[in-house]
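Asks: Here is my input; please provide its structure:
(one chain, ligands or ions: 1)
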Amino acid sequence: MNLVRPVVVGAVLLLLMPLTVVSQSTGPGEQPPPLDREMLFVLGNIEYVLLHELAHVLIGDLDIPVIGPEENAADYIATATLIRADLFDESRAARAREFLHATANGLATSWDFSVNAGQEIQYWDSHSLTIQRFYQIICLIYGSNPERFAQLPARVGMPEGRATRCPGEFARAERSLRWLLENYGRKPGDPEGAGIQVEYERAPTRTSQRVADELQASGIIDNTIRRLRERFTIREPFQITFRRCGQPQAAWIPSDRQLVICYELLDNYFALGRTRSATNRQTIFDEPD
Ligand SMILES: [Zn+2]
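Replies: Presented below is the predicted three-dimensional model:
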């Protein structure tokens, strides 16, 4: 298992939702069931990965113009979507915030692990460095409400000069999200759009099976798909597939119309969650705001 490859945390994937678990999923407006701390960390990171990959789907399928690296755009869309989850589903806004905090913690933990392991830093990667992605999320969270998160920059060692720019950066990200919905979103009378299937292949480990079971029971995948199809007209069907890949990654594969989430990534997040106590940065959200 390659815990040190931080890029996998934000890479591309797909999710499956077996019909057998649909009855366990929560519907629109229903409160999701409580999660233990460990599983919240894992599912939070997976939902962020899913949103990041779905952003790639939208950017490609709807031919959305992006200035700058698409990976950064996908991160900003995923982060702003979770911060402004109330735009999509008011009942899930609190859970979305917890999930985003889990993602920030996951990125910081992944970075610390890779540094401690002496891994080569992939400066050439299309994603920003994992630690930069962590600070980008922190900046947007702080910028979304500087009074509420007043202590956050100091906790993560972000200089004041950087933090002062965050409210403006969040405002721009939020404006971009609204622009995306207004210009590319589904309008009244627009067709329902193509379907999105979810398939879980056989999980290779007990841990990945457990995470997959929790994912299905949580309704995260179904609800994300439902909100996506409500807000956008998907032009061509695609599939979210959980499968064994040989490495902990996620990826949108346009030629196959598949968003693949590797079971190794689920295992990876579970292991990552257990190493959180080894560093300081990842516990920033463990304290009250
Ligand atoms: Zn990506």
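Asks: Got phi/psi on Phe242?
Replies: Dihedral pair for Phe242: phi -100, psi 120, per degrees, to the nearest 10.
Asks: From the ion, how far out is it?
Replies: 18 Å (CB to the ion, to the nearest Å). All C-beta spots, glycine's among them, are computed from the backbone N, C-alpha and C.
Asks: I'd assumed Arg133 was in contact with His127.
Replies: Yes - in terms of CB atoms under 8 Å, His127 counts as a neighbour of Arg133; the distance is 6.8 Å.
Asks: If you count surrounding residues, which of the two has more?
Replies: Arg133 (26 against 20; other CB atoms under 10 Å).
Asks: Report pLDDT for the residue lying closest to that one once chain neighbours are set aside.
Replies: Nearest residue to Arg133, sequence neighbours excluded (CB to CB, 6 or more residues apart in numbering): Leu107, at 5.3 Å. For Leu107, the model assigns a pLDDT of 89.
Asks: now do Asp125
Replies: 87.
Asks: and if you look at the one 5 residues further on?
Replies: Residue-level confidence at Thr130 comes out at 90, pLDDT.
Asks: Against the ion, how distant is it?
Replies: From Thr130 to the ion the distance is 13 Å (CB to the ion).
Asks: got the phi/psi numbers for the one residue in the stretch 101-250 of the chain that gets nearest to the ion?
Replies: Closest residue of the stretch 101-250 of the chain to the ion, CB to the ion: His127 (6.5 Å). Main-chain dihedrals, His127, degrees, to the nearest 10: phi -80, psi 150.
Asks: Then Ala203?
Replies: Phi and psi for Ala203, reported as degrees, to the nearest 10, are phi -80, psi 140.
Asks: mind listing what's buried in stretch 104-117?
Replies: Within stretch 104-117, the residues scored as buried using 16 or more other CB atoms under 10 Å are 104-114.
Asks: which parts of the stretch 51-200 of the chain sit against the ion?
Replies: With the criterion set to CB under 5 Å from the ion, the stretch 51-200 of the chain comes near the ion through 71, 74.
Asks: can you give me the helices in the stretch 51-200 of the chain?
Replies: Assigned by DSSP state H, counting those that start in this stretch, the helices in the stretch 51-200 of the chain fall at 70-83, 93-116, 130-144, 152-156, 160-163, 166-184.
Asks: least reliable of these going by mean pLDDT?
Replies: helix 93-116 (a mean of 85).
Asks: by contact count, what packs against that helix?
Replies: Packing partners of helix 93-116 (3 or more CB pairs under 8 Å, 6 or more residues apart in numbering; DSSP states H and E): helix 37-61, helix 70-83, helix 130-144, helix 263-274.
Asks: Can I get the second one as PDB, trimmed to CA atoms?
Replies: Same thing as helix 70-83. Extracted C-alpha coordinates of helix 70-83, given in PDB (Å, rounded to 0.1, in the frame of the first residue of the first chain):
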ATOM      1  CA  GLU A  70      -7.900  21.800 -14.200                       C
ATOM      2  CA  GLU A  71      -6.800  20.000 -11.100                       C
ATOM      3  CA  ASN A  72      -6.900  23.200  -9.100                       C
ATOM      4  CA  ALA A  73     -10.300  24.000 -10.600                       C
ATOM      5  CA  ALA A  74     -11.600  20.600  -9.600                       C
ATOM      6  CA  ASP A  75     -10.300  21.100  -6.000                       C
ATOM      7  CA  TYR A  76     -11.900  24.500  -5.800                       C
ATOM      8  CA  ILE A  77     -15.200  23.200  -7.100                       C
ATOM      9  CA  ALA A  78     -15.200  20.300  -4.600                       C
ATOM     10  CA  THR A  79     -14.200  22.600  -1.700                       C
ATOM     11  CA  ALA A  80     -16.600  25.400  -2.400                       C
ATOM     12  CA  THR A  81     -19.400  22.800  -2.900                       C
ATOM     13  CA  LEU A  82     -18.800  21.400   0.600                       C
ATOM     14  CA  ILE A  83     -18.500  24.800   2.200                       C
END
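Asks: Would you mind pulling up the elements that that helix packs against?
Replies: Here helix 70-83 touches helix 37-61, helix 93-116, helix 130-144, helix 166-184, going by 3+ CB pairs under 8 Å, 6+ apart.
Asks: again, but for the shortest one
Replies: In terms of contacts (3+ CB pairs under 8 Å, 6+ apart), helix 263-274 is packed against helix 37-61, helix 93-116, helix 206-218, strand 238-243.
Asks: Make JSON lines out of these and add distance to Asp267.
Replies: Output for these, formatted as JSON lines (distance: least, CB to CB, whole Å):
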{"stretch": "helix 37-61", "distance to Asp267": "10"}
{"stretch": "helix 93-116", "distance to Asp267": "14"}
{"stretch": "helix 206-218", "distance to Asp267": "5"}
{"stretch": "strand 238-243", "distance to Asp267": "12"}
